[in-house]
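Undergrad: Okay, here's the prediction I keep looking at, along with the sequence it came from:
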4 protein chains.
Amino acid sequence: MRPRRRAVSDGALSAEAREPRTATLLIMCPDRPGLVAAISGFIYRHGGNILAADQHSDVESGRFYMRVVWDLGGFALDRAGTAAALDALGRDYAMEWDLRYSETQQRVAVLVSKTPHCLYDLLQARQLGELGGDIVGVISNHDDLRSVASHFDVPYVSVPMRAAARDRSESEMQAVLTEWRADLVVLARYMQVLSDKFVDRWQGRLINIHHSFLPAFVGARAYRQARERGVKMIGATAHYVTNELDKGPIIEQDVVRVSHQDTLSDFIRKGRELERIVLTRAVRLHLERRVVVSETGTVVFS
Amino acid sequence: MRPRRRAVSDGALSAEAREPRTATLLIMCPDRPGLVAAISGFIYRHGGNILAADQHSDVESGRFYMRVVWDLGGFALDRAGTAAALDALGRDYAMEWDLRYSETQQRVAVLVSKTPHCLYDLLQARQLGELGGDIVGVISNHDDLRSVASHFDVPYVSVPMRAAARDRSESEMQAVLTEWRADLVVLARYMQVLSDKFVDRWQGRLINIHHSFLPAFVGARAYRQARERGVKMIGATAHYVTNELDKGPIIEQDVVRVSHQDTLSDFIRKGRELERIVLTRAVRLHLERRVVVSETGTVVFS
Amino acid sequence: MRPRRRAVSDGALSAEAREPRTATLLIMCPDRPGLVAAISGFIYRHGGNILAADQHSDVESGRFYMRVVWDLGGFALDRAGTAAALDALGRDYAMEWDLRYSETQQRVAVLVSKTPHCLYDLLQARQLGELGGDIVGVISNHDDLRSVASHFDVPYVSVPMRAAARDRSESEMQAVLTEWRADLVVLARYMQVLSDKFVDRWQGRLINIHHSFLPAFVGARAYRQARERGVKMIGATAHYVTNELDKGPIIEQDVVRVSHQDTLSDFIRKGRELERIVLTRAVRLHLERRVVVSETGTVVFS
Amino acid sequence: MRPRRRAVSDGALSAEAREPRTATLLIMCPDRPGLVAAISGFIYRHGGNILAADQHSDVESGRFYMRVVWDLGGFALDRAGTAAALDALGRDYAMEWDLRYSETQQRVAVLVSKTPHCLYDLLQARQLGELGGDIVGVISNHDDLRSVASHFDVPYVSVPMRAAARDRSESEMQAVLTEWRADLVVLARYMQVLSDKFVDRWQGRLINIHHSFLPAFVGARAYRQARERGVKMIGATAHYVTNELDKGPIIEQDVVRVSHQDTLSDFIRKGRELERIVLTRAVRLHLERRVVVSETGTVVFS
């Protein structure tokens, strides 16, 4: 017997049952007076009730960021009408916008190698209806974690990655991602370097977990370096991937104490606890449209 | 030579130099559509630019809470006009509101006994211009901390507290507070119990620091009790005082690890670190109008 | 394909490969001079090399606690000889002692209801060889988590629990535990109350995870109570079970921040992160013989 | 009226009243069997009762570290006899050792510039008898903090520092430190770079607080860099100073959360909370002889 999705809910209602149909709007534009009034007025005029609103004005860059969620219950505009209205607003205020409807699940693909802890965590969050989206499949350059995906009834595709034939492997992966109609790709301790081309294609939709408190300890040997430097805490960092190694906008970080008693294995064990928590938090924040990439990293409306 | 206020600024500009003249509005009312549009529209129509806005809709109680800060630079309404407009809005939406202008400093009185650590912290925050208000005086039932107040150029009044004559002592304190035109009273490890009458008079404007992670370990012997229970962390809690001992709405809490090696003195020492940090944070949150008392405690817009 | 135990090791060597054959000795006795010299001298005389030693003298109770681990490589005494020597030392110093050999795996049984997060965590730790013992089976009053145990190749026994027939259910569980030769029973969100008789039988070998920062919020509705009290952090507590509800000696605790924005579902989700981490840590500490029950709780040699 | 030292003790007895006369021994040597037995046997044979003992065997480097504290109450050897005995042990085991008697207070000098928060914290810890040593004076390249030292009845010497005449300034400082018979120099946000010569002279006895989570953000602009990188936590690091900037052995670190809402001033304010806590902890650990410099940083027996 396989666990059914949301079969185990600890008394909590599923997200769907709890929440009304909503729209979540993210906007980014130059700051100027009247923005909040314009957005909230637009929603109110068409019968929407605002459930949550957050904004941030960055004084240095003069940029304005806003996230607003409203109840679609009494909202009079349909999707096309809403898009047209937002386009008009966007022209008036030089505004980029992104709109998500709660009934349209985001589709997530997870890339893994041999280490399962982050994958287990993401799949459990999905099973509990807490991820803010669906996991539509797992891709790996190994076969080790097939049974994990299978246990959670998620497709698993093996795409071996050879340095000499990376282009071909990436094309194969891209084909799978296209077939799955993936909206987001999560690197859950995926131990391969991806090409600039692949990274560019998934810009802002490609999240990695790095096993250090960035910007300390870039690269693959982060725990070893941390131990050699004699730090008293180690960290984990979830970030969007860019073409500079471990330099992308940070979404979430956390740390845990270590001491002289901790061997490299202890660092790895303690770090594992962090990695999965930090990655799952970051994925949820992204899927709930709480993250905007800004001049100096990210604005996270949490 | 005494330290002058803000003489030591670590390169940071003082709050006043950095920030424009602003108004901070807190509102509480039954939730209904159009609230954000109404408030932000009102500010925009009169030429105000919103610098920060936070809101919270409590689904269970149906209550709506909002904090909004706007630049008074181009704002066309004067104080009387603004008050009249908010009164009108208040009637329309059954809204309670509280408005603060940045140029009107909140006036804080601190009550202490013999322990100085929280007092030092509050006075340092004031000296750096980081408290969000001014400390206008210190009242104590002892004389021990007079030199601390004096070092920071703050008045110090000694009001001995005898159980038999508490009414008289409290009247004396109240007279001092009235003379100082205090807006907020902070109990910074003040070891006397205050009467219901006094507490009622200062409702919502009387903050205490309790030396435990409430609701665990109510009362004066919290560290001793924590040690006897064998907890692995101890905490501190800043809360508004009500007439039920250590039951008032919680503003802020934090914890620190302890172990079997820690003696009672170690608990006290580690707790002291927490107490002052938690209390100063809570006072700053209150003075910046970030705290609203709600059905189940507080809404803290941080 | 099922994951094989320790197949996924993240580059770390398995515990066995890394570590030599060792003995771990825990002692408890009245404090007096010469104890460390007596223990360390005994080990040295017989050719043992001490790898780790920790001690604690409790000033108030006058009790002495020690944990010492030595390499059995050159150690001249066999098991019987060692036991005899420790018995003699035990008589001289009124000493209780407990000795564990690294090649004898502790055997753990896990009791669950419907919630899988703690079980997944324990089983992953076992799979990585990081638990400090083996999980020999899972018992549940429901059938929901059978597939989880099966995925990790661990036996699963369903023992329905009816209030009216608790004695019979517990006898059935006890028979399974006996058959499995369990050394430790872990309640991993097991939602049934166990009888005094059962608890007494497993005294000091029965670990529970409680979903609050004890002693705050005893009982089943801890998250709900925490939310109603308006706390700013929630916690989890792993403790030995005694016959007083949620009053047993605490092994480990941790906390996470919450805010007014967090619904009861958010409390449950955030708490789940804590529960599994705190429980797995506590089980590992116990299995590595790092925990001694003391007058006021536990001494944890970490 | 000035606060008298330890006048304000929060009910805790002073360290002196609580604790017996003790000796604290730190040893470092190549690991080999019999070390714990040799040390504990030596203490026991002369009538000493061990109050605390900690050891660490570093598997990779093969180094052994130990800290042991014993009651001098019934100890038969005088200081000369103890030193001779330890010299003999030292020869047998190629052991470096360091012995401190509780009645000999360590003498600390604090170097500051204009920022007082760390100085206040150290002076308060001293006043409470919690620092593990005495502060015998404050040296600064400015005059701003004279009143702080004066408030706590500690000498204050102003030694202006000019890049062109650093040698001369450092000679002047060294003369003051010699006169004060300082055992430890603490850089409490001292904003000048010290010469290699000065640093070498105080090697292992010169502690600095750096305003980042090292090794991230070396140098003077750490908060600015942290903000530009968009980290979600900032840290503070106390370390021994060496001739490589911010590369010395780390004693203690801690972190605090930041967000996109935090301005540079907020980073500075939040960092200040950390800096003083981390520095005071590190100084206490050093003075209590809990820190040994090792191959990869420090062994901290806490």
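TA: Thanks, I have the structure now. All values derive from a computational prediction rather than experimental measurement.
Undergrad: next SSE after the helix or strand of chain A with the lowest mean pLDDT?
TA: In chain A, no helix or strand scores lower on mean pLDDT, DSSP states H and E than helix A:15-18, which sits at a mean of 45. Where DSSP states H and E defines the elements, the next helix or strand beyond helix A:15-18 is strand A:22-30.
Undergrad: A:Arg289: what secondary structure?
TA: coil (DSSP: H, G, I helix; E, B strand; the rest coil).
Undergrad: roughly how far apart are the nearest residue to it once chain neighbours are set aside and chain D?
TA: The shortest distance from A:Arg289 to any residue other than its chain neighbours is 4.7 Å, reached at A:Thr24 (C-beta to C-beta, 6 or more residues apart in numbering or on different chains). C-beta here means a position set from N, CA and C on the backbone, and glycine is covered the same way. For A:Thr24, the distance to chain D (C-beta to the nearest C-beta, to the nearest Å) stands at 18 Å.
Undergrad: any low-confidence regions in chain A?
TA: A:1-19 (pLDDT under 70).
Undergrad: which parts of it sit against chain D?
TA: When proximity is defined by C-beta under 8 Å from any C-beta of the partner chain, chain A lies next to chain D at A:56, A:58-59, A:213-217, A:227-233, A:235, A:249-255, A:259-261, A:263, A:294, A:296-300, A:302.
Undergrad: Buried ones among these?
TA: A:56, A:58, A:213-217, A:227, A:229-233, A:235, A:249-255, A:260, A:294, A:296-300 (16 or more other C-beta atoms under 10 Å in any protein chain shown).
Undergrad: Is stretch A:123-140 positioned near chain C?
TA: Yes - judged by C-beta under 8 Å from any C-beta, stretch A:123-140 comes into contact with chain C at A:Gln124, A:Leu128, A:Glu130.
Undergrad: Name the nearest of the residues you listed relative to A:Ala80.
TA: Nearest to A:Ala80, judged by C-beta to C-beta, of those is A:Glu130 at 31.6 Å.
Undergrad: roughly how far apart are A:Ala222 and chain C?
TA: 12 Å.
Undergrad: got a list of what that residue touches?
TA: Neighbouring residues of A:Ala222 by C-beta atoms under 8 Å, 6 or more residues apart in numbering or on different chains: A:His210, A:His211, A:Ser212.
Undergrad: from the residues you listed, which single one is nearest B:Phe198?
TA: Using C-beta to C-beta, the contacts of A:Ala222 come closest to B:Phe198 at A:Ser212, 52.9 Å.
Undergrad: Phi and psi next, for that closest one.
TA: With angles defined as degrees, to the nearest 10, A:Ser212 sits at phi -160, psi 170.
Undergrad: nearest residue to it other than its sequence neighbours?
TA: A:Ser212's closest residue in space is A:Ala222 (C-beta to C-beta, 6+ apart), at 3.8 Å.
Undergrad: cool, A:Phe152 as well?
TA: Spatial nearest neighbour of A:Phe152, excluding adjacent residues (C-beta to C-beta, 6+ apart): A:Leu123 at 4.2 Å.
Undergrad: repeat for A:Tyr44
TA: Per C-beta to C-beta, 6+ apart, closest to A:Tyr44 is B:Ala37, 4.0 Å.
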